[in-house]
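# for reference, the sequence and a predicted model appear below.
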Amino acid sequence: MRPSEFHAHSVPDRPASAWEPLLDHLAETAAEARISAAKFGCGPLGELAGLLHDLGKYQPAFQARLAGAKEKVPHAAHGAALARLRYGRIGAILAHGIAGHHAGLADRLFEAEGRLADAARVLDAIMAAAAADGLDLPAALAAPALRRTEQPGFQLAFLARMLFSCLVDADYTATGAFYARAEEREPASRGGARTLAELQAALDRRLASFGPAAPGTLNAQRRHILDAVRAHADDPTGVFTLTVPTGGGKTLTSLAFALDHAVRHGLDRVVVAIPYTSVIEQTAAVYREALGDPDGQDVLEHHSAFAVTTAGKSAEEKWSGADKLRLAMESWDRPLVVATTVRLFESLFANRPAACRRLHNLARSVIVLDEVQTLPLPLLRPCVAALKELAANYGSSIVLCTATQPALLADPASGHAFRHGFSNATELAPDPPALFESLRRVRIRTRAYFSSAGWKTRSSLPSGSRSHSRFTRPAACMTLPATCRASIRRPAGASSPTWH
C-alpha cells in the first residue's frame, strides 16, 4: 500500500499508515464498476462513476473527520457536480448515482440551491488535490449505443439506475475487501459452487432418471412439452411466453429452458420471480432436489420469510456462512435465484442503495416470471417497460410463464393489444389450446341462473332430468344454491350426494 495524505477509510486503533489510500479505493471501485457495466456496453461510464464517487474525500475537513473530528462532511455531491459540469448529458446521468451512492437516488438533484450547487463551489480546490494525488480522469465520454424504444425518457432513467447499481456494488465490494485485508480475514466469496453449464448437466441427469413415459399418460404429455420448449433454447434472446396449463410440468420445464438458453447464449444467471412465498419455498426445494444442491450453494432463495440463522455458530462460520448468504441476497450473485416478484421489481424501481445493488445483475440473465398474470394492475405499465428495456438493451431474456397469459402483447393481431407492451414474443409451448384440451381434468357446466324470481334451472335441460346424471359418475361435483337442495332427487342405484 502506497503512502498517501488522503485516505478513503480509517481503521480503528490503527495508525494512518494502515488506512486505505483514497486513490487506491477510487481505482479499485472503478475497476469493479467497469467490469459490471461492460456487460451492457457501458464499461467506461461505470469506471468514471467509480473514479468520481468519493471525490469529496479530497477535502481537508473530511480527512480530519477520519482522524476523529466531530463535524460531518458530505463527500458524494462533489463527484456528481464534476460529472455534470464536465461530461454533459451523460455526466448528468452518472451524477444521480454518484450523489446517491450512500443516501439513495434523489429527485430534483439539479436545483439551483441544491447539494450539487454547494459542492461545485469548492471543486477547484478538490480537483487540485486530486490531481496532485495522481487521479487521472478522461477528457470526454461517448454516449452508449442504446437501441431506441418508444419511451426514451424511461430508457435514460433506467440507464441511470443500472449505472447506480454498478457503482454501489463496486463500492461495497471494494470497501469490504479493504476491511477484510485490514482484519486479516478472507472476504466473503461471491458466486455459486457450480456454473450454469454444470447445473444444466445436473438437471439433465435428473430428468433422464425419470425414464420413458408410457404413451397417452400425463408424464408423456409433460415430456412432449419439455422437449418442445427446450428446442427453443437456440432462439435469440428476447421475450418469450410459456403457456402451459396446471399439471403440465411448468416448474422443471421453465428451468430446463432457462438453463439451456443461458448456456447457449453465454448469459450469467437465471432469476425466477414468483408472487407467493409459499410457492417460492416449494419451487426452491424442487430445484435443489433436481440439481443436487441440498445446501443451497447454487440456488439462492430470497424473500421476506427466509431468515439468515447464525445461532450456535463460531465467528468464522458466521462470516463465511451468514455473511456470504447475506451478500448473495444483496447482489443476487448466484447462478440461480428464486425470489418474490416484489423483490424483483423493488430492485428495478427502489431508490435505496441496498435494494438497487443487485439490479445490474439482471443484465445478461434469463428472467422467468411465474404466474405473470398476478402483476399488480396499477404498476403494470412500468413493470412491462422495465422488462422490455432489459430485453432490448441489457442482453436479457424474459419468460412470461403462466396457465393464463395476461394481455401484455403490443401486437394488434393478438386481439388484445397493450400499449407499449411486449412485441415479437415467442410462444415456447407447443399448441397451447391443444394442451389445455388434452390436460383438462375438470369440466364446468352451468345448470342454473339467478333471476328476480330466485334460482331457475336453464330451459335447455329436459324437464325433471336436471343434472342428476352427474352424480352417477365416480368423480363429480355439483355446486348449488341452498334453495335448490330440496329439489335434488337421487336416481335409482346412485349413491347419496355428500353435502358440504
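In hand now; what should we look at? Residues are numbered from 1 along each chain as shown.

# top helix in the chain by residue count?
Longest helix in the chain, counting residues (DSSP state H): helix 152-182.

# mind giving me the packing neighbours of the very next helix or strand once past that one?
Helices and strands here follow DSSP states H and E; after helix 152-182, the next one along the chain is helix 196-208. Packing partners of helix 196-208 (3 or more CB pairs under 8 Å, 6 or more residues apart in numbering; DSSP states H and E): helix 250-265, helix 277-291. C-betas here are computed from N, CA, C, even on glycine.

# one more time with 10 Å, if that's ok
Other elements packing on helix 196-208 under the criterion 3 or more CB pairs under 10 Å, 6 or more residues apart in numbering; DSSP states H and E are helix 218-230, helix 250-265, strand 269-274, helix 277-291.

# distance of the nearest residue in space to V286 that is not next to it in sequence from A284?
Of all residues not flanking V286 in the chain, T251 sits nearest, at 5.7 Å (CB to CB, 6 or more residues apart in numbering). Distance, T251 to A284, using CB to CB, to the nearest Å: 11 Å.

# would E301 count as being in a helix?
No - looking at E301 with DSSP: H, G, I helix; E, B strand; the rest coil, it is strand, so not inside a helix.

# just list whatever residues bridge to it.
V338 (DSSP bridges).

# that one: how many residues sit nearby?
Each residue near E301 was counted by other CB atoms under 10 Å, and the total is 23.

# where in this protein is pLDDT low?
1-4, 112-114, 191-192, 303-328, 412-416, 443-500 (pLDDT under 70).

# for the residue nearest the centre of it, what are phi and psi?
Taking CA atoms, centre = their mean as the criterion, L344 is the residue nearest the geometric centre of the chain, at 3.9 Å. Main-chain dihedrals, L344, degrees, to the nearest 10: phi -60, psi -50.

# wait, it sits on L362?
Yes - between L344 and L362 there is a contact under CB atoms under 10 Å: 8.0 Å.

# joint contacts of those two?
Listed as contacting both L344 and L362 by CB atoms under 10 Å, 6 or more residues apart in numbering are 271, 332, 337, 386-387.

# in contact with N361, which residues?
36, 39, 165-166, 169, 268-269, 271, 331-334, 337, 347.

# equivalent analysis for V372, please.
241-242, 273, 275, 341, 383, 387, 398-402, 404-406, 408.

# are any of these buried, and which?
Taking 16 or more other CB atoms under 10 Å as the criterion, what is buried in these is 241-242, 273, 275, 341, 383, 387, 398-402, 405-406, 408.

# which stretches in the chain count as strands?
Assigned by DSSP state E, the strands in the chain fall at 7-9, 20-21, 239-243, 269-274, 299-302, 336-340, 365-370, 397-402, 426-427, 448-451, 454-457.

# and these: which comes nearest A83?
Distance to A83, taken as CB to CB, is lowest for strand 7-9 among those, at 18.6 Å.

# so H78 is in contact with L55, correct?
Yes - if you go by CB under 10 Å, H78 and L55 touch, sitting 4.7 Å apart.

# now do the shared contacts for those two.
Shared contacts of H78 and L55 (CB under 10 Å, 6+ apart): 98, 119, 123, 126-127, 130.

# for the stretch 301-450 of the chain, which segments count as helices?
When secondary structure is read from DSSP state H, counting those that start in this stretch, the stretch 301-450 of the chain shows helices at 315-317, 324-331, 341-349, 353-356, 380-393, 432-438.

# out of the ones you listed, which is closest to P21?
helix 353-356 (23.5 Å).

# list the buried ones in the closest one?
Across helix 353-356, burial judged by 16+ other CB under 10 Å covers 353, 355-356.

# would JSON lines of those residues with distance to A220 be doable?
As requested, the buried residues of helix 353-356 are exported to JSON lines (distance: CB to CB, whole Å):
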{"residue": "P353", "distance to A220": "50"}
{"residue": "A355", "distance to A220": "44"}
{"residue": "C356", "distance to A220": "46"}
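
# any idea which of these is closest to H232?
C356 (31.8 Å).

# any idea which of the helices and strands packed on helix 196-208 is most buried?
Among these, the stretch with the highest mean neighbour count (mean count of other CB atoms under 10 Å) is strand 269-274, at a mean of 25.

# could you name the helices and strands sitting against that strand?
Other helices and strands packing on strand 269-274, by 3+ CB pairs under 10 Å, 6+ apart, are helix 196-208, helix 250-265, helix 277-291, strand 299-302, strand 336-340, helix 341-349, strand 365-370, strand 397-402.

# and the spatially closest residue to D260 that is not a sequence neighbour, what does it touch?
In space, and not counting its chain neighbours, D260 is closest to A233: 3.5 Å by CB to CB, 6+ apart. Counting by CB under 10 Å, 6+ apart, A233 touches 200, 256-265, 428.

# so which bits of stretch 428-447 are buried?
Neighbour-count burial for stretch 428-447, counted by 16+ other CB under 10 Å, picks out 428-429, 432, 435-436, 439.

# if we can go back for a sec, quickly list what's touching both of T251 and A284.
Counting by CB under 10 Å, 6+ apart, the contacts common to T251 and A284 are V272.

# test my guess that L439 contacts G248.
Yes - counting by CB under 10 Å, L439 does reach G248; the two are 5.8 Å apart.

# any common contacting residues for the two?
218, 221-222, 225, 403.

# make TSV from the residues you listed and add distance to T173 to it.
TSV is the format used below for these (distance: CB to CB, whole Å):
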residue	distance to T173
L218	47
Q221	47
R222	42
I225	41
A403	41
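
# picking that back up, nearest to E71 among the shared contacts of H78 and L55?
The closest of the shared contacts of H78 and L55 to E71 turns out to be A119 (CB to CB; 16.3 Å).

# how much space between the spatially closest residue to the closest one that is not a sequence neighbour and R65?
Spatial nearest neighbour of A119, excluding adjacent residues (CB to CB, 6+ apart): A77 at 3.8 Å. Counting by CB to CB, the gap from A77 to R65 is 16 Å.

# comparing those two, which residue is more hemmed in?
A direct count of neighbours by other CB under 10 Å for A77 and R65 places A77 higher, at 23 against 17.

# that one and F110 touch, don't they?
No - under the criterion of CB under 10 Å, A77 makes no contact with F110, lying 11.2 Å away.

# tell me the spacing between the nearest residue to S331 once chain neighbours are set aside and V299.
Nearest in space to S331, with sequence neighbours left out and distances taken as CB to CB, 6+ apart, is R358 at 5.1 Å. Using CB to CB, R358 is found at 16 Å from V299.

# again, but for P245
Taking CB to CB, one finds P245 at 26 Å from V299.

# again with P21
Distance, P21 to V299, using CB to CB: 39 Å.

# let me see the contact set for A142.
By CB under 10 Å, 6+ apart, the contact list for A142 reads 42, 44-45, 90.

# again, 6 Å this time
For A142, the contact set (CB atoms under 6 Å, 6 or more residues apart in numbering) is empty.
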